[in-house]
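Chemist: structure for the following, please:
(one chain, ligands or ions: 1)
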Amino acid sequence: MTSYLKTMPNSEGFFGEYGGAQLPPPLVPHFKEIREAYEKISKSSDFIRDLRYIRKHFQGRPTPVSHLKNLSDLAGGAQIYAKREDLNHTGAHKLNHCMGEGLLAKFMGKKKLMAETGAGQHGVALATAAAYFGMECEIHMGEIDIAKEAPNVTRMKLLGATVVPVGFGGRSLKEAVDSCFESYMSQADDALFAIGSVVGPHPFPMIVRDFQHVVGIEAREQFLEMTGELPDIVAACVGGGSNAMGIFSGFIDDEGVALYGIEPMGTSSKLGEHAATITFGEDGDIHGFRTIVLKDANGDPAPVHTVASGLDYPGIGPEHAHLYRTGKANYTSANDKEALDAFFALSRHEGIIPALESAHALAFAMREAPKNPGKSILINLSGRGDKDIDYVTETFGFGEDS
Ligand SMILES: *Cc1c(COP(=O)(O)O)cnc(C)c1O
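Modeler: Down below sits the predicted model:
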(Lines give C-alpha, C1' and ligand atoms only; values in the text may rest on other atoms or scores of the structure.)
Protein backbone atom coordinates (compact mmCIF):
# COMPACT_ATOMS: atom_id res chain seq x y z
CA MET A 1 0.00 0.00 0.00
CA THR A 2 1.19 3.46 -0.84
CA SER A 3 1.02 6.39 1.54
CA TYR A 4 -2.13 8.07 0.22
CA LEU A 5 -4.12 4.84 0.47
CA LYS A 6 -3.06 4.38 4.08
CA THR A 7 -4.62 7.71 5.04
CA MET A 8 -7.93 7.35 3.18
CA PRO A 9 -10.65 6.90 4.22
CA ASN A 10 -10.60 7.79 7.94
CA SER A 11 -12.10 5.40 10.50
CA GLU A 12 -15.62 6.76 9.85
CA GLY A 13 -15.27 6.15 6.14
CA PHE A 14 -14.70 9.78 5.11
CA PHE A 15 -12.49 10.88 2.25
CA GLY A 16 -12.19 14.48 3.35
CA GLU A 17 -15.80 15.71 3.48
CA TYR A 18 -17.21 12.83 1.43
CA GLY A 19 -18.35 9.32 2.22
CA GLY A 20 -19.53 8.07 5.60
CA ALA A 21 -22.46 5.73 6.24
CA GLN A 22 -26.06 6.91 6.55
CA LEU A 23 -27.91 3.70 7.37
CA PRO A 24 -31.37 2.70 8.57
CA PRO A 25 -30.89 1.68 12.23
CA PRO A 26 -31.45 -2.08 11.64
CA LEU A 27 -28.50 -2.17 9.22
CA VAL A 28 -26.01 -0.39 11.50
CA PRO A 29 -24.82 -3.55 13.30
CA HIS A 30 -24.51 -5.45 10.03
CA PHE A 31 -22.30 -2.82 8.42
CA LYS A 32 -20.23 -2.72 11.59
CA GLU A 33 -19.79 -6.47 11.30
CA ILE A 34 -18.69 -6.16 7.66
CA ARG A 35 -16.23 -3.38 8.53
CA GLU A 36 -14.65 -5.26 11.40
CA ALA A 37 -14.53 -8.52 9.49
CA TYR A 38 -12.92 -6.84 6.49
CA GLU A 39 -10.26 -5.15 8.59
CA LYS A 40 -9.28 -8.42 10.19
CA ILE A 41 -9.78 -10.91 7.35
CA SER A 42 -8.26 -8.87 4.52
CA LYS A 43 -4.94 -8.74 6.39
CA SER A 44 -4.82 -12.47 7.18
CA SER A 45 -2.31 -14.56 5.24
CA ASP A 46 -4.96 -17.20 4.41
CA PHE A 47 -7.19 -14.61 2.75
CA ILE A 48 -4.30 -13.04 0.84
CA ARG A 49 -3.10 -16.46 -0.33
CA ASP A 50 -6.58 -17.50 -1.53
CA LEU A 51 -7.20 -14.21 -3.33
CA ARG A 52 -3.85 -14.45 -5.12
CA TYR A 53 -4.64 -18.01 -6.19
CA ILE A 54 -8.07 -17.01 -7.52
CA ARG A 55 -6.72 -14.04 -9.46
CA LYS A 56 -4.08 -16.13 -11.15
CA HIS A 57 -5.83 -19.46 -11.74
CA PHE A 58 -9.48 -18.44 -12.17
CA GLN A 59 -9.55 -14.84 -13.39
CA GLY A 60 -6.46 -15.08 -15.57
CA ARG A 61 -4.52 -12.24 -13.96
CA PRO A 62 -2.31 -10.42 -14.54
CA THR A 63 -4.05 -8.92 -17.56
CA PRO A 64 -1.56 -7.33 -20.00
CA VAL A 65 -0.88 -3.72 -20.92
CA SER A 66 -1.04 -3.27 -24.71
CA HIS A 67 0.60 -0.52 -26.73
CA LEU A 68 -2.08 0.75 -29.14
CA LYS A 69 0.42 1.57 -31.85
CA ASN A 70 -1.91 1.82 -34.83
CA LEU A 71 -4.29 4.07 -32.96
CA SER A 72 -1.42 6.22 -31.68
CA ASP A 73 -0.16 6.67 -35.25
CA LEU A 74 -3.67 7.57 -36.34
CA ALA A 75 -4.25 10.10 -33.54
CA GLY A 76 -0.72 11.54 -33.87
CA GLY A 77 1.20 12.85 -30.86
CA ALA A 78 1.20 10.87 -27.61
CA GLN A 79 1.57 7.09 -27.46
CA ILE A 80 -1.58 5.38 -26.16
CA TYR A 81 -1.52 2.25 -23.98
CA ALA A 82 -4.36 0.17 -22.54
CA LYS A 83 -4.61 -1.95 -19.39
CA ARG A 84 -6.58 -4.91 -20.67
CA GLU A 85 -9.35 -5.56 -18.15
CA ASP A 86 -11.39 -6.81 -21.11
CA LEU A 87 -9.26 -9.96 -20.77
CA ASN A 88 -10.21 -10.52 -17.13
CA HIS A 89 -12.63 -13.49 -16.80
CA THR A 90 -16.22 -12.45 -17.65
CA GLY A 91 -14.78 -9.62 -19.73
CA ALA A 92 -14.56 -6.67 -17.34
CA HIS A 93 -12.93 -5.32 -14.20
CA LYS A 94 -16.05 -5.98 -12.07
CA LEU A 95 -14.99 -9.54 -11.29
CA ASN A 96 -11.98 -8.15 -9.36
CA HIS A 97 -14.18 -6.84 -6.56
CA CYS A 98 -16.85 -9.56 -6.86
CA MET A 99 -14.28 -12.32 -6.22
CA GLY A 100 -12.90 -10.31 -3.31
CA GLU A 101 -16.38 -9.77 -1.85
CA GLY A 102 -17.23 -13.45 -2.37
CA LEU A 103 -14.07 -14.56 -0.61
CA LEU A 104 -14.79 -12.13 2.23
CA ALA A 105 -18.32 -13.57 2.52
CA LYS A 106 -16.89 -17.08 2.65
CA PHE A 107 -14.43 -16.16 5.44
CA MET A 108 -17.33 -14.50 7.31
CA GLY A 109 -19.33 -17.74 7.09
CA LYS A 110 -22.07 -16.26 4.88
CA LYS A 111 -24.06 -18.49 2.54
CA LYS A 112 -25.41 -15.97 0.09
CA LEU A 113 -24.32 -13.03 -2.08
CA MET A 114 -26.89 -10.35 -2.91
CA ALA A 115 -26.92 -7.28 -5.09
CA GLU A 116 -28.93 -5.05 -7.35
CA THR A 117 -27.99 -4.71 -10.99
CA GLY A 118 -28.85 -2.20 -13.73
CA ALA A 119 -27.65 -3.45 -17.09
CA GLY A 120 -26.79 -6.79 -15.53
CA GLN A 121 -22.98 -6.57 -15.61
CA HIS A 122 -22.56 -6.54 -11.83
CA GLY A 123 -25.19 -9.27 -11.49
CA VAL A 124 -23.31 -11.55 -13.88
CA ALA A 125 -19.96 -10.94 -12.15
CA LEU A 126 -21.47 -11.59 -8.71
CA ALA A 127 -23.30 -14.72 -9.92
CA THR A 128 -19.94 -15.95 -11.24
CA ALA A 129 -18.34 -15.41 -7.83
CA ALA A 130 -21.25 -17.15 -6.08
CA ALA A 131 -20.95 -20.19 -8.38
CA TYR A 132 -17.19 -20.36 -7.72
CA PHE A 133 -17.63 -20.22 -3.94
CA GLY A 134 -20.67 -22.54 -3.89
CA MET A 135 -22.94 -19.83 -2.51
CA GLU A 136 -26.50 -18.79 -3.25
CA CYS A 137 -26.96 -15.60 -5.23
CA GLU A 138 -29.94 -13.20 -5.27
CA ILE A 139 -29.95 -10.40 -7.83
CA HIS A 140 -32.60 -7.66 -7.87
CA MET A 141 -33.29 -6.14 -11.26
CA GLY A 142 -35.95 -3.75 -12.56
CA GLU A 143 -38.49 -5.22 -15.00
CA ILE A 144 -37.54 -2.66 -17.64
CA ASP A 145 -33.88 -3.69 -17.41
CA ILE A 146 -34.80 -7.40 -17.47
CA ALA A 147 -36.59 -6.87 -20.78
CA LYS A 148 -33.70 -4.80 -22.20
CA GLU A 149 -30.83 -6.99 -21.04
CA ALA A 150 -32.09 -10.50 -21.75
CA PRO A 151 -28.65 -12.09 -22.42
CA ASN A 152 -27.36 -11.03 -18.99
CA VAL A 153 -30.50 -12.40 -17.32
CA THR A 154 -29.86 -15.71 -19.10
CA ARG A 155 -26.21 -15.66 -17.94
CA MET A 156 -27.19 -15.05 -14.32
CA LYS A 157 -29.69 -17.90 -14.41
CA LEU A 158 -27.18 -20.28 -16.03
CA LEU A 159 -24.75 -19.37 -13.25
CA GLY A 160 -27.38 -20.39 -10.70
CA ALA A 161 -28.55 -16.98 -9.49
CA THR A 162 -32.12 -16.11 -8.56
CA VAL A 163 -33.16 -12.99 -10.44
CA VAL A 164 -35.83 -11.02 -8.53
CA PRO A 165 -37.87 -8.80 -10.89
CA VAL A 166 -38.66 -5.38 -9.42
CA GLY A 167 -42.01 -4.07 -10.61
CA PHE A 168 -42.64 -0.86 -8.66
CA GLY A 169 -41.87 2.79 -9.46
CA GLY A 170 -39.62 3.30 -12.48
CA ARG A 171 -38.87 -0.49 -12.48
CA SER A 172 -35.15 0.23 -12.98
CA LEU A 173 -31.85 0.52 -11.06
CA LYS A 174 -33.00 2.82 -8.26
CA GLU A 175 -35.95 0.57 -7.38
CA ALA A 176 -33.69 -2.48 -7.63
CA VAL A 177 -31.42 -0.91 -4.94
CA ASP A 178 -34.43 -0.28 -2.67
CA SER A 179 -35.80 -3.79 -3.23
CA CYS A 180 -32.44 -5.42 -2.53
CA PHE A 181 -31.86 -3.43 0.69
CA GLU A 182 -35.33 -4.45 1.87
CA SER A 183 -34.71 -8.13 1.18
CA TYR A 184 -31.21 -7.93 2.73
CA MET A 185 -32.60 -6.58 6.03
CA SER A 186 -34.42 -9.84 6.67
CA GLN A 187 -31.41 -12.08 5.91
CA ALA A 188 -28.33 -10.06 6.80
CA ASP A 189 -27.10 -12.75 9.19
CA ASP A 190 -26.63 -15.19 6.32
CA ALA A 191 -26.00 -12.92 3.34
CA LEU A 192 -23.50 -10.29 2.20
CA PHE A 193 -24.77 -7.32 0.20
CA ALA A 194 -22.01 -7.00 -2.37
CA ILE A 195 -22.05 -3.44 -3.72
CA GLY A 196 -20.93 -3.12 -7.33
CA SER A 197 -18.74 -0.02 -7.38
CA VAL A 198 -16.86 2.38 -5.07
CA VAL A 199 -20.22 3.72 -3.85
CA GLY A 200 -22.66 3.04 -1.01
CA PRO A 201 -22.14 3.41 2.74
CA HIS A 202 -18.72 2.82 4.35
CA PRO A 203 -16.92 0.36 4.16
CA PHE A 204 -17.86 -0.43 0.52
CA PRO A 205 -16.09 2.46 -1.24
CA MET A 206 -12.90 1.35 0.55
CA ILE A 207 -13.41 -2.41 0.10
CA VAL A 208 -14.17 -2.16 -3.62
CA ARG A 209 -11.21 0.19 -4.18
CA ASP A 210 -8.86 -2.14 -2.34
CA PHE A 211 -9.97 -5.12 -4.45
CA GLN A 212 -9.53 -3.05 -7.64
CA HIS A 213 -6.08 -1.81 -6.53
CA VAL A 214 -4.53 -4.86 -8.22
CA VAL A 215 -5.27 -3.21 -11.59
CA GLY A 216 -3.12 -0.18 -10.72
CA ILE A 217 -0.33 -2.22 -9.13
CA GLU A 218 -0.04 -4.46 -12.20
CA ALA A 219 -0.35 -1.59 -14.67
CA ARG A 220 2.40 0.48 -13.01
CA GLU A 221 4.84 -2.42 -12.98
CA GLN A 222 3.99 -3.49 -16.54
CA PHE A 223 4.22 0.02 -17.92
CA LEU A 224 7.63 0.58 -16.29
CA GLU A 225 8.87 -2.70 -17.68
CA MET A 226 7.61 -1.91 -21.20
CA THR A 227 8.82 1.67 -21.48
CA GLY A 228 11.32 2.30 -18.68
CA GLU A 229 9.21 5.16 -17.34
CA LEU A 230 5.83 6.02 -15.88
CA PRO A 231 2.95 7.23 -18.08
CA ASP A 232 2.37 11.00 -18.23
CA ILE A 233 -1.41 10.59 -18.12
CA VAL A 234 -3.59 7.82 -16.68
CA ALA A 235 -7.28 7.88 -17.65
CA ALA A 236 -10.41 5.83 -16.97
CA CYS A 237 -14.15 6.16 -17.49
CA VAL A 238 -16.21 6.96 -14.39
CA GLY A 239 -19.65 5.59 -13.56
CA GLY A 240 -19.51 4.91 -9.83
CA GLY A 241 -15.77 4.96 -10.25
CA SER A 242 -14.38 1.50 -9.44
CA ASN A 243 -12.27 0.88 -12.53
CA ALA A 244 -10.93 4.44 -12.26
CA MET A 245 -10.02 4.01 -8.56
CA GLY A 246 -8.36 0.71 -9.46
CA ILE A 247 -5.94 2.23 -11.93
CA PHE A 248 -5.61 5.63 -10.16
CA SER A 249 -4.60 3.93 -6.91
CA GLY A 250 -1.48 2.49 -8.57
CA PHE A 251 -0.19 5.96 -9.50
CA ILE A 252 -1.65 8.20 -6.84
CA ASP A 253 1.66 8.86 -5.10
CA ASP A 254 3.49 9.55 -8.38
CA GLU A 255 3.71 13.34 -8.66
CA GLY A 256 4.46 13.34 -12.38
CA VAL A 257 1.43 11.27 -13.40
CA ALA A 258 -1.75 13.22 -14.19
CA LEU A 259 -4.96 11.31 -13.39
CA TYR A 260 -8.10 11.85 -15.48
CA GLY A 261 -11.62 10.52 -14.87
CA ILE A 262 -13.86 10.63 -17.93
CA GLU A 263 -17.60 11.16 -17.41
CA PRO A 264 -20.28 10.48 -20.03
CA MET A 265 -21.63 13.65 -21.68
CA GLY A 266 -24.37 11.62 -23.42
CA THR A 267 -26.15 13.46 -26.21
CA SER A 268 -25.87 16.99 -24.79
CA SER A 269 -25.06 19.07 -21.72
CA LYS A 270 -28.80 19.45 -20.97
CA LEU A 271 -29.94 17.89 -17.68
CA GLY A 272 -31.34 14.41 -18.40
CA GLU A 273 -29.19 13.92 -21.50
CA HIS A 274 -25.85 13.11 -19.82
CA ALA A 275 -24.44 11.57 -16.64
CA ALA A 276 -21.55 14.00 -16.03
CA THR A 277 -21.93 14.13 -12.25
CA ILE A 278 -18.75 15.98 -11.29
CA THR A 279 -18.99 18.39 -14.22
CA PHE A 280 -22.52 19.55 -13.35
CA GLY A 281 -23.30 18.19 -9.89
CA GLU A 282 -23.25 19.64 -6.38
CA ASP A 283 -22.63 18.28 -2.90
CA GLY A 284 -25.38 16.02 -1.64
CA ASP A 285 -26.38 12.61 -0.30
CA ILE A 286 -27.35 9.54 -2.31
CA HIS A 287 -27.77 5.84 -1.35
CA GLY A 288 -26.34 6.28 2.13
CA PHE A 289 -23.23 8.42 1.59
CA ARG A 290 -22.15 12.02 0.98
CA THR A 291 -20.72 12.88 -2.41
CA ILE A 292 -21.32 15.00 -5.50
CA VAL A 293 -24.78 14.40 -6.96
CA LEU A 294 -26.44 15.40 -10.19
CA LYS A 295 -29.68 17.02 -9.00
CA ASP A 296 -32.94 18.00 -10.65
CA ALA A 297 -34.83 21.24 -9.91
CA ASN A 298 -36.25 19.72 -6.68
CA GLY A 299 -32.83 18.66 -5.42
CA ASP A 300 -33.50 14.95 -6.10
CA PRO A 301 -31.11 12.73 -8.10
CA ALA A 302 -31.60 13.73 -11.74
CA PRO A 303 -32.49 11.40 -14.62
CA VAL A 304 -29.36 10.51 -16.60
CA HIS A 305 -28.53 9.27 -20.08
CA THR A 306 -25.48 7.81 -21.79
CA VAL A 307 -24.95 5.32 -24.58
CA ALA A 308 -22.99 3.24 -22.01
CA SER A 309 -25.51 1.88 -19.51
CA GLY A 310 -22.74 1.01 -17.02
CA LEU A 311 -22.04 4.73 -16.55
CA ASP A 312 -25.58 6.02 -15.93
CA TYR A 313 -25.50 6.94 -12.26
CA PRO A 314 -26.38 10.43 -10.92
CA GLY A 315 -23.79 10.10 -8.13
CA ILE A 316 -20.11 9.23 -7.91
CA GLY A 317 -17.89 7.37 -5.45
CA PRO A 318 -16.98 9.66 -2.51
CA GLU A 319 -13.25 9.23 -3.08
CA HIS A 320 -13.60 10.74 -6.56
CA ALA A 321 -15.46 13.71 -5.09
CA HIS A 322 -12.51 14.14 -2.72
CA LEU A 323 -9.84 13.73 -5.42
CA TYR A 324 -11.69 16.29 -7.52
CA ARG A 325 -12.07 18.89 -4.74
CA THR A 326 -8.41 18.52 -3.72
CA GLY A 327 -7.16 18.63 -7.30
CA LYS A 328 -5.40 15.27 -6.97
CA ALA A 329 -7.29 14.04 -10.03
CA ASN A 330 -8.90 15.81 -12.99
CA TYR A 331 -12.34 15.12 -14.40
CA THR A 332 -13.60 15.78 -17.89
CA SER A 333 -16.06 14.14 -20.26
CA ALA A 334 -16.61 12.43 -23.60
CA ASN A 335 -19.99 12.32 -25.32
CA ASP A 336 -21.85 9.44 -26.98
CA LYS A 337 -20.55 10.33 -30.44
CA GLU A 338 -16.90 10.46 -29.33
CA ALA A 339 -17.28 7.15 -27.48
CA LEU A 340 -18.84 5.49 -30.54
CA ASP A 341 -16.05 6.79 -32.79
CA ALA A 342 -13.49 5.37 -30.35
CA PHE A 343 -15.44 2.07 -30.22
CA PHE A 344 -15.23 1.71 -34.00
CA ALA A 345 -11.60 2.88 -34.17
CA LEU A 346 -10.29 0.43 -31.59
CA SER A 347 -12.18 -2.43 -33.24
CA ARG A 348 -11.02 -1.57 -36.74
CA HIS A 349 -7.42 -0.55 -36.06
CA GLU A 350 -6.37 -2.64 -33.08
CA GLY A 351 -8.58 -5.75 -33.20
CA ILE A 352 -10.11 -5.01 -29.80
CA ILE A 353 -13.87 -4.41 -29.45
CA PRO A 354 -14.19 -2.32 -26.27
CA ALA A 355 -17.15 -1.88 -23.95
CA LEU A 356 -18.94 1.41 -24.66
CA GLU A 357 -18.04 2.47 -21.11
CA SER A 358 -14.31 1.97 -21.75
CA ALA A 359 -14.63 3.70 -25.13
CA HIS A 360 -15.14 6.98 -23.21
CA ALA A 361 -11.59 6.73 -21.79
CA LEU A 362 -10.25 5.90 -25.21
CA ALA A 363 -12.08 8.86 -26.78
CA PHE A 364 -10.34 11.11 -24.26
CA ALA A 365 -6.94 9.59 -25.12
CA MET A 366 -7.48 10.12 -28.86
CA ARG A 367 -8.56 13.71 -28.25
CA GLU A 368 -5.58 14.48 -26.00
CA ALA A 369 -2.90 12.64 -28.00
CA PRO A 370 -2.34 15.35 -30.65
CA LYS A 371 -1.86 17.96 -27.88
CA ASN A 372 0.80 15.85 -26.14
CA PRO A 373 3.54 14.83 -28.59
CA GLY A 374 6.30 12.74 -27.02
CA LYS A 375 4.11 11.86 -24.02
CA SER A 376 2.29 8.69 -23.07
CA ILE A 377 -1.33 8.04 -22.08
CA LEU A 378 -2.41 4.86 -20.28
CA ILE A 379 -6.13 4.10 -20.18
CA ASN A 380 -7.98 1.44 -18.26
CA LEU A 381 -9.82 -0.61 -20.86
CA SER A 382 -12.38 -1.69 -18.29
CA GLY A 383 -14.26 -4.24 -20.40
CA ARG A 384 -14.91 -5.87 -23.74
CA GLY A 385 -17.72 -4.88 -26.07
CA ASP A 386 -19.43 -8.18 -26.87
CA LYS A 387 -22.44 -7.04 -24.85
CA ASP A 388 -22.72 -3.88 -27.00
CA ILE A 389 -22.30 -5.14 -30.57
CA ASP A 390 -25.99 -5.78 -31.36
CA TYR A 391 -27.10 -2.42 -30.05
CA VAL A 392 -24.27 -0.52 -31.74
CA THR A 393 -24.57 -2.08 -35.18
CA GLU A 394 -28.38 -2.01 -35.23
CA THR A 395 -28.40 1.65 -34.20
CA PHE A 396 -25.24 3.06 -35.79
CA GLY A 397 -24.09 0.58 -38.44
CA PHE A 398 -20.41 -0.30 -38.74
CA GLY A 399 -18.70 3.07 -38.42
CA GLU A 400 -17.69 5.73 -40.89
CA ASP A 401 -14.70 4.13 -42.59
CA SER A 402 -16.45 0.80 -43.28
C1 LIG B 1 -19.84 -1.28 -14.81
C2 LIG B 1 -18.80 -0.88 -15.78
C3 LIG B 1 -18.16 0.39 -15.70
C4 LIG B 1 -18.57 1.46 -14.72
O5 LIG B 1 -18.32 1.15 -13.39
P6 LIG B 1 -17.19 1.88 -12.55
O7 LIG B 1 -17.49 1.48 -11.16
O8 LIG B 1 -17.28 3.35 -12.79
O9 LIG B 1 -15.88 1.35 -13.02
C10 LIG B 1 -17.14 0.66 -16.60
N11 LIG B 1 -16.76 -0.22 -17.54
C12 LIG B 1 -17.36 -1.44 -17.65
C13 LIG B 1 -16.88 -2.36 -18.71
C14 LIG B 1 -18.38 -1.80 -16.77
O15 LIG B 1 -18.97 -3.00 -16.90
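Chemist: same question for the helix or strand where A127 lies, mean pLDDT?
Modeler: Assessed by DSSP states H and E, A127 sits inside helix 121-133. Here helix 121-133 scores 97 as its mean pLDDT.
Chemist: note down every partner strand of the next helix or strand after it and its orientation.
Modeler: Downstream of helix 121-133, the next assigned helix or strand under DSSP H and E is strand 136-142. Using DSSP bridges, the strands paired with strand 136-142 in its sheet are strand 112-117 (parallel), strand 162-166 (parallel).
Chemist: how many neighbours does the residue in the chain that the ligand sits nearest to have?
Modeler: The nearest approach of the chain to the ligand comes at G383, 2.5 Å away (CB to the nearest ligand atom). For the C-beta atoms, the positions are set from N, CA and C on the backbone; glycine is no exception. Counted with other CB atoms under 10 Å, residues neighbouring G383 total 29.
Chemist: and the strands paired with strand 136-142, which is most packed in?
Modeler: strand 112-117 (a mean of 26; mean count of other CB atoms under 10 Å).
Chemist: tell me who's in contact with L192.
Modeler: I34, E101, L104, A105, M108, K110, K112, L113, M114 (CB atoms under 8 Å, 6 or more residues apart in numbering).
Chemist: E263 in helix, strand or coil?
Modeler: strand (DSSP: H, G, I helix; E, B strand; the rest coil).
Chemist: near the ligand, which residues of the stretch 151-300 of the chain are found?
Modeler: Taking CB under 6 Å from any ligand atom, the part of the stretch 151-300 of the chain that reaches the ligand is made up of S197, C237, V238, G239, G240, G241, S242, N243.
Chemist: just the residues you listed now: which is nearest Y4?
Modeler: Ranked by distance to Y4 (CB to CB), these are led by G241 at 15.7 Å.
Chemist: quick one: low-confidence ranges for the stretch 101-250 of the chain?
Modeler: The model of the stretch 101-250 of the chain has no residue with pLDDT under 70.
Chemist: grab the nearest non-local neighbour of T326.
Modeler: Spatially, and ignoring its direct neighbours in sequence, T326 is nearest to G16 (6.7 Å; CB to CB, 6 or more residues apart in numbering).
Chemist: and the one you found, what pLDDT?
Modeler: Reading off the confidence values, G16 has pLDDT 97.
Chemist: that one and K328 touch, don't they?
Modeler: No: with contacts counted by CB atoms under 8 Å, G16 stays clear of K328, the gap being 10.2 Å.
Chemist: list residues touching both of the two?
Modeler: Going by CB under 8 Å, 6+ apart, residues that sit against G16 and also against K328 are H322.
Chemist: OK, contacts around S249?
Modeler: Under the criterion of CB under 8 Å, 6+ apart, the contact partners of S249 comprise T2, L5, R209, Q212, H213, G216.
Chemist: need the max-distance pair from those.
Modeler: T2 and Q212 (14.3 Å).
Chemist: of the two, who's got more company?
Modeler: Shown here are T2 and Q212; by other CB under 10 Å, Q212 has more neighbours (28 against 16).
Chemist: on that earlier part again, greatest separation within the residues of the stretch 151-300 of the chain next to the ligand: which pair is it?
Modeler: S197 and C237 (11.8 Å).
Chemist: which one's more surrounded, these two?
Modeler: Each of S197 and C237 has its neighbours counted (other CB under 10 Å); C237 has more, 33 against 26.
Chemist: on contacts alone, who are the packing partners of the top helix by length along the chain?
Modeler: Under DSSP state H, the helix in the chain containing the largest number of residues is helix 204-227. With contacts defined as 3 or more CB pairs under 8 Å, 6 or more residues apart in numbering; DSSP states H and E, helix 204-227 has these neighbours: strand 65-67, strand 79-84, helix 94-107, helix 242-248, helix 318-325, strand 376-381.
Chemist: can you give me the neighbour number for G228?
Modeler: G228 has 7 nearby residues by other CB under 10 Å.
Chemist: domain parsing for the chain?
Modeler: Domain ranges of the chain: 15-56+94-205, 61-91+213-401, per automatic domain parsing.
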